[in-house]
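>>> Fold the following and give me the result.
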Amino acid sequence: MIGTPPPSGRRPAAFRLDDSKVRMSDDETRTPSLDEALITQALQDDEEPRLPRDASTPKTGVRFGKWLMIGLSGLVSLAIGLAIDSLIRDLFARTDWLGWLGLALVALAALGLLGLAAKELAALARVGRIDDLRDRLQQAAEADDARAASAGLKELLALYRDRPETAQGRKALAGHMREVIDGRDLVKLAERDLLSPLDLEARRIVMNSAKRVSLVTAVSPRALVDLLAVLYENLRTVRRLSILYGGRPGTLGFVRLTRQVVTHLAVTGGMAAGDSLASQVLGHGLAARLSARLGEGVINGLLTARIGIAAIAVCRPAPFVAGRGPTISEFMGELISSSEKAEKAASASQKRDQTARE
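Residues are numbered from 1 along each chain as shown. The predicted model follows:
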(Lines give C-alpha, C1' and ligand atoms only; values in the text may rest on other atoms or scores of the structure.)
Protein backbone atom coordinates (compact mmCIF):
# COMPACT_ATOMS: atom_id res chain seq x y z
CA MET A 1 0.00 0.00 0.00
CA ILE A 2 1.38 3.44 -0.89
CA GLY A 3 0.14 6.96 -0.43
CA THR A 4 -0.72 8.99 -3.49
CA PRO A 5 1.78 11.83 -4.04
CA PRO A 6 0.40 15.22 -2.98
CA PRO A 7 -0.95 17.46 -5.72
CA SER A 8 1.18 20.32 -6.92
CA GLY A 9 0.80 23.43 -4.81
CA ARG A 10 0.23 21.55 -1.54
CA ARG A 11 2.85 21.18 1.13
CA PRO A 12 3.68 17.69 2.43
CA ALA A 13 1.65 16.79 5.52
CA ALA A 14 1.45 13.90 7.99
CA PHE A 15 -1.78 12.00 8.64
CA ARG A 16 -2.74 9.27 11.09
CA LEU A 17 -4.22 6.13 9.54
CA ASP A 18 -7.40 6.53 11.59
CA ASP A 19 -7.81 10.16 10.49
CA SER A 20 -11.14 10.86 8.77
CA LYS A 21 -9.23 12.64 5.98
CA VAL A 22 -7.45 9.43 4.93
CA ARG A 23 -9.27 7.73 2.03
CA MET A 24 -8.86 4.27 0.46
CA SER A 25 -9.04 4.21 -3.34
CA ASP A 26 -8.63 1.59 -6.10
CA ASP A 27 -7.99 4.29 -8.70
CA GLU A 28 -4.29 5.16 -8.86
CA THR A 29 -4.94 8.04 -11.27
CA ARG A 30 -7.22 9.91 -8.88
CA THR A 31 -5.80 13.17 -7.55
CA PRO A 32 -6.48 13.87 -3.86
CA SER A 33 -7.89 17.20 -2.76
CA LEU A 34 -5.90 19.64 -0.65
CA ASP A 35 -7.32 18.37 2.66
CA GLU A 36 -7.18 14.60 2.18
CA ALA A 37 -4.71 11.76 1.67
CA LEU A 38 -5.33 8.77 -0.62
CA ILE A 39 -4.05 5.25 -0.02
CA THR A 40 -3.90 3.05 -3.14
CA GLN A 41 -2.67 -0.44 -3.93
CA ALA A 42 0.86 -0.45 -5.33
CA LEU A 43 1.66 -2.77 -8.22
CA GLN A 44 4.48 -5.23 -7.63
CA ASP A 45 7.13 -5.73 -10.28
CA ASP A 46 5.67 -9.09 -11.32
CA GLU A 47 2.03 -7.97 -11.31
CA GLU A 48 0.07 -7.30 -14.44
CA PRO A 49 -1.42 -3.82 -14.81
CA ARG A 50 -5.14 -3.82 -14.11
CA LEU A 51 -7.83 -2.20 -16.21
CA PRO A 52 -10.30 0.19 -14.57
CA ARG A 53 -13.33 -1.37 -12.92
CA ASP A 54 -15.58 0.24 -15.54
CA ALA A 55 -14.09 -2.10 -18.15
CA SER A 56 -15.94 -5.09 -16.64
CA THR A 57 -19.06 -3.23 -15.49
CA PRO A 58 -22.07 -3.65 -17.80
CA LYS A 59 -23.29 -0.39 -19.20
CA THR A 60 -26.91 0.43 -18.61
CA GLY A 61 -28.77 1.09 -21.82
CA VAL A 62 -32.13 0.57 -23.41
CA ARG A 63 -33.53 -2.81 -22.37
CA PHE A 64 -35.70 -3.86 -25.28
CA GLY A 65 -36.44 -7.22 -23.70
CA LYS A 66 -37.99 -5.48 -20.72
CA TRP A 67 -40.10 -3.36 -23.06
CA LEU A 68 -41.23 -6.52 -24.85
CA MET A 69 -42.33 -8.20 -21.60
CA ILE A 70 -44.17 -5.09 -20.40
CA GLY A 71 -45.97 -4.74 -23.72
CA LEU A 72 -46.97 -8.40 -23.94
CA SER A 73 -48.16 -8.55 -20.33
CA GLY A 74 -50.17 -5.38 -20.89
CA LEU A 75 -51.81 -6.79 -24.01
CA VAL A 76 -52.69 -10.02 -22.20
CA SER A 77 -54.20 -8.04 -19.31
CA LEU A 78 -56.26 -5.93 -21.71
CA ALA A 79 -57.45 -9.04 -23.55
CA ILE A 80 -58.58 -10.68 -20.31
CA GLY A 81 -60.31 -7.46 -19.17
CA LEU A 82 -62.15 -7.05 -22.48
CA ALA A 83 -63.22 -10.70 -22.42
CA ILE A 84 -64.63 -10.32 -18.90
CA ASP A 85 -66.37 -7.06 -19.86
CA SER A 86 -67.94 -8.72 -22.90
CA LEU A 87 -69.09 -11.66 -20.79
CA ILE A 88 -70.72 -9.38 -18.18
CA ARG A 89 -72.49 -7.41 -20.92
CA ASP A 90 -73.82 -10.63 -22.47
CA LEU A 91 -75.05 -11.80 -19.07
CA PHE A 92 -76.90 -8.53 -18.48
CA ALA A 93 -78.36 -8.76 -21.99
CA ARG A 94 -79.86 -12.14 -21.14
CA THR A 95 -81.20 -11.25 -17.71
CA ASP A 96 -80.26 -8.91 -14.89
CA TRP A 97 -79.70 -11.52 -12.22
CA LEU A 98 -77.12 -13.31 -14.39
CA GLY A 99 -75.27 -10.02 -14.87
CA TRP A 100 -75.19 -9.29 -11.15
CA LEU A 101 -74.06 -12.85 -10.48
CA GLY A 102 -71.24 -12.39 -12.99
CA LEU A 103 -70.19 -9.14 -11.31
CA ALA A 104 -70.17 -10.83 -7.91
CA LEU A 105 -67.97 -13.62 -9.25
CA VAL A 106 -65.60 -11.08 -10.82
CA ALA A 107 -65.38 -9.24 -7.49
CA LEU A 108 -64.71 -12.55 -5.70
CA ALA A 109 -61.96 -13.43 -8.21
CA ALA A 110 -60.40 -9.95 -7.84
CA LEU A 111 -60.43 -10.31 -4.05
CA GLY A 112 -58.77 -13.72 -4.31
CA LEU A 113 -56.15 -12.32 -6.70
CA LEU A 114 -55.33 -9.49 -4.30
CA GLY A 115 -55.07 -11.92 -1.39
CA LEU A 116 -52.83 -14.23 -3.39
CA ALA A 117 -50.60 -11.32 -4.42
CA ALA A 118 -50.34 -10.12 -0.81
CA LYS A 119 -49.49 -13.64 0.35
CA GLU A 120 -46.79 -14.04 -2.31
CA LEU A 121 -45.27 -10.66 -1.45
CA ALA A 122 -45.26 -11.55 2.25
CA ALA A 123 -43.58 -14.89 1.48
CA LEU A 124 -40.95 -13.16 -0.67
CA ALA A 125 -40.29 -10.66 2.11
CA ARG A 126 -39.96 -13.48 4.65
CA VAL A 127 -37.41 -15.32 2.49
CA GLY A 128 -35.52 -12.06 1.99
CA ARG A 129 -35.46 -11.42 5.75
CA ILE A 130 -34.00 -14.86 6.37
CA ASP A 131 -31.25 -14.22 3.81
CA ASP A 132 -30.49 -10.84 5.36
CA LEU A 133 -30.52 -12.30 8.89
CA ARG A 134 -28.06 -15.03 7.92
CA ASP A 135 -25.68 -12.51 6.37
CA ARG A 136 -25.83 -10.21 9.40
CA LEU A 137 -25.21 -13.06 11.84
CA GLN A 138 -22.29 -14.20 9.69
CA GLN A 139 -20.78 -10.71 9.81
CA ALA A 140 -21.42 -10.43 13.55
CA ALA A 141 -19.69 -13.76 14.19
CA GLU A 142 -16.69 -12.85 12.04
CA ALA A 143 -16.31 -9.44 13.69
CA ASP A 144 -17.22 -10.78 17.18
CA ASP A 145 -19.74 -7.93 17.41
CA ALA A 146 -21.96 -8.58 20.43
CA ARG A 147 -24.41 -5.79 19.65
CA ALA A 148 -25.02 -6.93 16.08
CA ALA A 149 -25.25 -10.56 17.20
CA SER A 150 -27.84 -9.71 19.87
CA ALA A 151 -29.93 -7.73 17.38
CA GLY A 152 -29.84 -10.60 14.90
CA LEU A 153 -30.65 -13.24 17.52
CA LYS A 154 -33.66 -11.22 18.67
CA GLU A 155 -34.99 -11.48 15.11
CA LEU A 156 -34.20 -15.19 15.17
CA LEU A 157 -36.22 -15.63 18.36
CA ALA A 158 -39.09 -13.68 16.80
CA LEU A 159 -38.94 -15.94 13.75
CA TYR A 160 -39.56 -19.04 15.89
CA ARG A 161 -41.85 -17.59 18.54
CA ASP A 162 -44.87 -19.46 17.10
CA ARG A 163 -43.04 -22.81 16.96
CA PRO A 164 -43.74 -24.85 20.14
CA GLU A 165 -40.92 -27.29 19.37
CA THR A 166 -38.40 -24.45 19.75
CA ALA A 167 -39.66 -23.22 23.13
CA GLN A 168 -36.85 -24.81 25.14
CA GLY A 169 -34.17 -23.58 22.78
CA ARG A 170 -35.61 -20.06 22.74
CA LYS A 171 -35.65 -19.97 26.53
CA ALA A 172 -32.03 -21.13 26.75
CA LEU A 173 -30.88 -18.65 24.11
CA ALA A 174 -32.68 -15.75 25.81
CA GLY A 175 -30.80 -16.59 29.00
CA HIS A 176 -27.47 -16.69 27.16
CA MET A 177 -28.13 -13.28 25.62
CA ARG A 178 -28.31 -11.78 29.12
CA GLU A 179 -25.04 -13.39 30.24
CA VAL A 180 -22.68 -13.83 27.25
CA ILE A 181 -20.93 -10.75 25.89
CA ASP A 182 -19.01 -12.22 22.95
CA GLY A 183 -20.82 -11.99 19.61
CA ARG A 184 -19.29 -15.11 18.11
CA ASP A 185 -20.10 -17.18 21.19
CA LEU A 186 -23.72 -15.98 21.08
CA VAL A 187 -24.09 -17.21 17.50
CA LYS A 188 -22.52 -20.54 18.48
CA LEU A 189 -24.95 -20.92 21.38
CA ALA A 190 -27.89 -20.15 19.10
CA GLU A 191 -26.66 -22.85 16.77
CA ARG A 192 -26.35 -25.35 19.62
CA ASP A 193 -29.51 -24.66 21.62
CA LEU A 194 -32.03 -23.38 19.09
CA LEU A 195 -31.04 -24.64 15.65
CA SER A 196 -29.50 -28.05 16.40
CA PRO A 197 -32.91 -29.84 16.64
CA LEU A 198 -33.93 -28.26 13.35
CA ASP A 199 -30.60 -29.25 11.80
CA LEU A 200 -31.15 -32.84 12.91
CA GLU A 201 -34.61 -32.90 11.32
CA ALA A 202 -33.21 -31.31 8.16
CA ARG A 203 -30.63 -34.08 7.93
CA ARG A 204 -33.42 -36.70 8.26
CA ILE A 205 -35.37 -34.99 5.46
CA VAL A 206 -32.37 -34.99 3.13
CA MET A 207 -31.41 -38.56 4.04
CA ASN A 208 -34.91 -39.93 3.42
CA SER A 209 -35.14 -38.07 0.12
CA ALA A 210 -31.77 -39.43 -0.99
CA LYS A 211 -32.84 -42.96 -0.07
CA ARG A 212 -36.08 -42.66 -2.04
CA VAL A 213 -34.23 -41.36 -5.09
CA SER A 214 -31.67 -44.14 -4.79
CA LEU A 215 -34.29 -46.90 -4.59
CA VAL A 216 -36.61 -45.46 -7.26
CA THR A 217 -33.82 -45.02 -9.79
CA ALA A 218 -32.55 -48.51 -8.98
CA VAL A 219 -35.85 -50.26 -9.73
CA SER A 220 -37.30 -47.91 -12.35
CA PRO A 221 -37.34 -49.37 -15.88
CA ARG A 222 -37.27 -46.03 -17.73
CA ALA A 223 -34.95 -43.02 -17.64
CA LEU A 224 -37.91 -40.61 -17.84
CA VAL A 225 -39.33 -42.00 -14.61
CA ASP A 226 -35.92 -41.57 -12.98
CA LEU A 227 -35.73 -37.95 -14.11
CA LEU A 228 -39.22 -37.11 -12.87
CA ALA A 229 -38.62 -38.85 -9.53
CA VAL A 230 -35.34 -37.01 -8.96
CA LEU A 231 -36.87 -33.66 -9.93
CA TYR A 232 -39.89 -34.17 -7.68
CA GLU A 233 -37.83 -35.24 -4.67
CA ASN A 234 -35.37 -32.38 -5.02
CA LEU A 235 -38.10 -29.74 -5.28
CA ARG A 236 -39.99 -31.35 -2.41
CA THR A 237 -36.85 -31.36 -0.27
CA VAL A 238 -36.16 -27.67 -0.90
CA ARG A 239 -39.73 -26.74 0.06
CA ARG A 240 -39.74 -28.90 3.21
CA LEU A 241 -36.39 -27.49 4.36
CA SER A 242 -37.59 -23.94 3.83
CA ILE A 243 -40.75 -24.61 5.86
CA LEU A 244 -38.69 -26.31 8.58
CA TYR A 245 -36.40 -23.29 8.99
CA GLY A 246 -39.28 -20.80 8.96
CA GLY A 247 -39.31 -19.63 5.34
CA ARG A 248 -42.79 -20.83 4.30
CA PRO A 249 -42.27 -19.77 0.68
CA GLY A 250 -45.06 -19.17 -1.80
CA THR A 251 -44.75 -19.88 -5.49
CA LEU A 252 -42.48 -16.92 -6.24
CA GLY A 253 -40.50 -17.47 -3.05
CA PHE A 254 -40.02 -21.13 -3.96
CA VAL A 255 -38.72 -20.14 -7.40
CA ARG A 256 -36.30 -17.75 -5.71
CA LEU A 257 -35.12 -20.42 -3.29
CA THR A 258 -34.60 -22.92 -6.09
CA ARG A 259 -32.52 -20.39 -8.00
CA GLN A 260 -30.44 -19.71 -4.88
CA VAL A 261 -29.84 -23.43 -4.37
CA VAL A 262 -28.68 -23.82 -7.97
CA THR A 263 -26.44 -20.76 -7.58
CA HIS A 264 -24.98 -22.16 -4.37
CA LEU A 265 -24.19 -25.44 -6.12
CA ALA A 266 -22.58 -23.59 -9.00
CA VAL A 267 -20.46 -21.46 -6.69
CA THR A 268 -19.30 -24.32 -4.48
CA GLY A 269 -18.92 -26.84 -7.31
CA GLY A 270 -21.08 -29.23 -5.31
CA MET A 271 -22.44 -31.32 -8.16
CA ALA A 272 -19.01 -32.03 -9.59
CA ALA A 273 -17.60 -32.78 -6.14
CA GLY A 274 -20.45 -35.16 -5.33
CA ASP A 275 -20.12 -36.98 -8.64
CA SER A 276 -16.35 -37.29 -8.22
CA LEU A 277 -16.65 -38.62 -4.68
CA ALA A 278 -19.35 -41.10 -5.65
CA SER A 279 -17.37 -42.35 -8.64
CA GLN A 280 -14.27 -42.76 -6.51
CA VAL A 281 -16.06 -44.82 -3.86
CA LEU A 282 -17.87 -46.91 -6.45
CA GLY A 283 -14.57 -47.57 -8.19
CA HIS A 284 -12.93 -48.80 -4.97
CA GLY A 285 -15.07 -51.82 -4.29
CA LEU A 286 -18.72 -50.83 -4.12
CA ALA A 287 -19.32 -51.78 -7.75
CA ALA A 288 -18.18 -55.28 -6.89
CA ARG A 289 -20.80 -55.61 -4.13
CA LEU A 290 -23.75 -53.92 -5.86
CA SER A 291 -25.35 -54.36 -9.23
CA ALA A 292 -24.84 -51.65 -11.83
CA ARG A 293 -28.42 -50.46 -11.37
CA LEU A 294 -28.11 -50.08 -7.61
CA GLY A 295 -24.74 -48.39 -8.05
CA GLU A 296 -26.40 -45.83 -10.30
CA GLY A 297 -29.09 -45.36 -7.67
CA VAL A 298 -26.44 -44.64 -5.03
CA ILE A 299 -24.88 -41.96 -7.23
CA ASN A 300 -28.27 -40.33 -7.81
CA GLY A 301 -28.96 -40.47 -4.08
CA LEU A 302 -25.63 -38.80 -3.32
CA LEU A 303 -26.33 -36.02 -5.79
CA THR A 304 -29.76 -35.54 -4.22
CA ALA A 305 -28.09 -35.33 -0.81
CA ARG A 306 -25.71 -32.70 -2.19
CA ILE A 307 -28.65 -30.62 -3.38
CA GLY A 308 -30.20 -31.03 0.08
CA ILE A 309 -27.00 -29.80 1.72
CA ALA A 310 -27.05 -26.72 -0.51
CA ALA A 311 -30.73 -26.17 0.35
CA ILE A 312 -29.90 -26.30 4.08
CA ALA A 313 -27.23 -23.64 3.59
CA VAL A 314 -29.69 -21.43 1.70
CA CYS A 315 -32.77 -21.93 3.91
CA ARG A 316 -31.06 -21.82 7.32
CA PRO A 317 -31.49 -18.40 8.99
CA ALA A 318 -28.04 -18.52 10.61
CA PRO A 319 -24.60 -19.58 9.36
CA PHE A 320 -22.69 -22.63 10.53
CA VAL A 321 -20.15 -21.19 12.96
CA ALA A 322 -19.48 -23.93 15.51
CA GLY A 323 -19.31 -26.61 12.80
CA ARG A 324 -19.16 -27.04 9.04
CA GLY A 325 -22.67 -28.32 8.63
CA PRO A 326 -23.65 -31.62 6.97
CA THR A 327 -21.28 -33.10 4.41
CA ILE A 328 -21.76 -35.62 1.63
CA SER A 329 -19.61 -38.15 3.49
CA GLU A 330 -22.17 -38.33 6.31
CA PHE A 331 -24.83 -39.55 3.88
CA MET A 332 -22.65 -41.90 1.88
CA GLY A 333 -22.31 -44.68 4.45
CA GLU A 334 -26.03 -44.83 5.18
CA LEU A 335 -26.92 -44.78 1.47
CA ILE A 336 -24.49 -47.59 0.70
CA SER A 337 -25.79 -49.65 3.63
CA SER A 338 -29.38 -49.11 2.49
CA SER A 339 -28.52 -50.15 -1.07
CA GLU A 340 -26.74 -53.28 0.11
CA LYS A 341 -29.77 -54.27 2.19
CA ALA A 342 -32.03 -53.68 -0.81
CA GLU A 343 -29.71 -55.81 -2.95
CA LYS A 344 -29.76 -58.68 -0.42
CA ALA A 345 -33.55 -58.46 -0.06
CA ALA A 346 -33.99 -58.55 -3.84
CA SER A 347 -31.66 -61.56 -4.14
CA ALA A 348 -33.50 -63.42 -1.36
CA SER A 349 -36.85 -62.69 -3.03
CA GLN A 350 -35.59 -64.01 -6.37
CA LYS A 351 -34.34 -67.19 -4.70
CA ARG A 352 -37.70 -67.75 -2.99
CA ASP A 353 -39.53 -67.25 -6.28
CA GLN A 354 -37.21 -69.67 -8.04
CA THR A 355 -37.65 -72.26 -5.30
CA ALA A 356 -41.44 -71.89 -5.46
CA ARG A 357 -41.42 -72.50 -9.23
CA GLU A 358 -39.34 -75.61 -8.82
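
>>> Which residue, neighbours along the chain excluded, lies closest to residue 226?
residue 217 (4.5 Å; Cβ to Cβ, 6 or more residues apart in numbering). All C-beta atoms are positioned from the backbone trio N, CA, C, and that covers glycine.

>>> Could you measure from the one you found over to residue 297?
5 Å (Cβ to Cβ, to the nearest Å).

>>> Give me the more crowded residue out of these two.
residue 297 (27 against 23; other Cβ atoms under 10 Å).

>>> from memory the more buried one sits against residue 218, does it?
Yes: using Cβ atoms under 8 Å, residue 297 is in contact with residue 218, at 3.4 Å.

>>> low pLDDT regions in the stretch 201-350 of the chain?
Residues of the stretch 201-350 of the chain that meet the criterion pLDDT under 70 lie in 220-221, 267-295, 339-350.

>>> let me redo that: the stretch 51-200 of the chain
51-62.

>>> Could I get the contacting residues of the residue nearest to residue 226?
Contacts for residue 217 were tallied using Cβ atoms under 8 Å, 6 or more residues apart in numbering; they are 226, 229-230, 296-297, 300-301.

>>> Of these - the most surrounded one?
That'd be residue 301 among the contacts of residue 217, by other Cβ under 10 Å, with 31 neighbours.

>>> State the distance from it to residue 165.
28 Å.

>>> same check, this time on residue 327
25 Å.

>>> Quickly find the element holding residue 175.
helix 167-179 (DSSP states H and E).

>>> residues making contact with that helix?
Contacts of helix 167-179 (Cβ under 8 Å, 6+ apart): 150, 153-154, 156-157, 160-161, 186, 189-190, 193-197.

>>> what helix or strand is the residue nearest to residue 226 on?
Going by DSSP H and E, residue 217 is part of helix 196-219.

>>> With residue 253 instead?
Secondary structure (DSSP H and E) places residue 253 in helix 251-268.

>>> Against residue 246, how distant is residue 118?
Relative to residue 246, and taking Cβ to Cβ, residue 118 is found at 19 Å.

>>> which one of those two has more residues nearby?
More crowded of residue 118 and residue 246, by other Cβ under 10 Å: residue 246, with 21 against 10.

>>> Touching, that one and residue 159? I think so.
Yes: counting by Cβ under 8 Å, residue 246 touches residue 159, with 4.9 Å between them.

>>> List the buried residues for whichever strand or helix holds residue 71?
Using DSSP H and E, the element containing residue 71 is helix 64-94. Of the residues in helix 64-94, 84, 88, 91 count as buried by neighbour count, 16 or more other Cβ atoms under 10 Å.

>>> and what of stretch 225-241?
Quick answer for stretch 225-241 (16+ other Cβ under 10 Å): 226, 229-230, 233-234, 237-241.

>>> Between those residues, which sits nearest residue 251?
residue 239 (10.6 Å; Cβ to Cβ).

>>> Do I have it right that that closest one meets residue 251?
No: with contacts counted by Cβ under 8 Å, residue 239 stays clear of residue 251, the gap being 10.6 Å.

>>> now residue 316, nearest residue through space, not along the chain?
In space, residue 316 is closest to residue 245, 5.4 Å off (Cβ to Cβ, 6+ apart).

>>> The one you found touches residue 317, doesn't it?
Yes: with contacts counted by Cβ under 8 Å, residue 245 reaches residue 317, the gap being 5.9 Å.

>>> Overlap of the contact sets of those two?
With Cβ under 8 Å, 6+ apart as the test, residue 245 and residue 317 both reach residue 130.

>>> any chance you could map the helices in the stretch 1-150 of the chain?
64-94, 96-143, 146-159 (DSSP state H, counting those that start in this stretch).

>>> got those as a markdown table, with distance to residue 337 columns?
Shown next, in a markdown table, are the helices of the stretch 1-150 of the chain (distance: least, Cβ to Cβ, whole Å):
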| stretch | distance to residue 337 |
| --- | --- |
| helix 64-94 | 50 |
| helix 96-143 | 33 |
| helix 146-159 | 36 |
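
>>> wait, which of those is closest to residue 334?
helix 96-143 (27.7 Å).

>>> and the angle from that closest one to helix 251-268?
30 degrees (axes from the mean of the first three to the mean of the last three Cα atoms, to 10 degrees).

>>> start at 51 instead
Okay, using 51 as the starting number, the last item reads as helix 146-193.

>>> other SSEs contacting helix 146-193?
In terms of contacts (3 or more Cβ pairs under 8 Å, 6 or more residues apart in numbering; DSSP states H and E), helix 146-193 is packed against helix 114-144, helix 196-209, helix 233-240, helix 301-318.

>>> Could you double-check that residue 141 sits in contact with residue 156?
No: applying Cβ under 8 Å as the test, residue 141 and residue 156 come out as separate, 10.4 Å apart.

>>> show me the contacts for the residue lying closest to residue 287 once chain neighbours are set aside.
Nearest residue to residue 287 in three dimensions, chain neighbours excluded: residue 259, at 4.5 Å (Cβ to Cβ, 6+ apart). Counting by Cβ under 8 Å, 6+ apart, residue 259 makes contact with 283-284, 286-287, 354-355, 358.

>>> next one: residue 188
Contacts of residue 188 (Cβ under 8 Å, 6+ apart): residue 369.

>>> Okay, it and residue 220: tell me how far apart.
21 Å.

>>> before we move on, which element is residue 373 in?
Here residue 373 is assigned to no helix or strand, by DSSP H and E.

>>> which residues touch it?
Residue 373 neighbours (Cβ under 8 Å, 6+ apart): residue 241.
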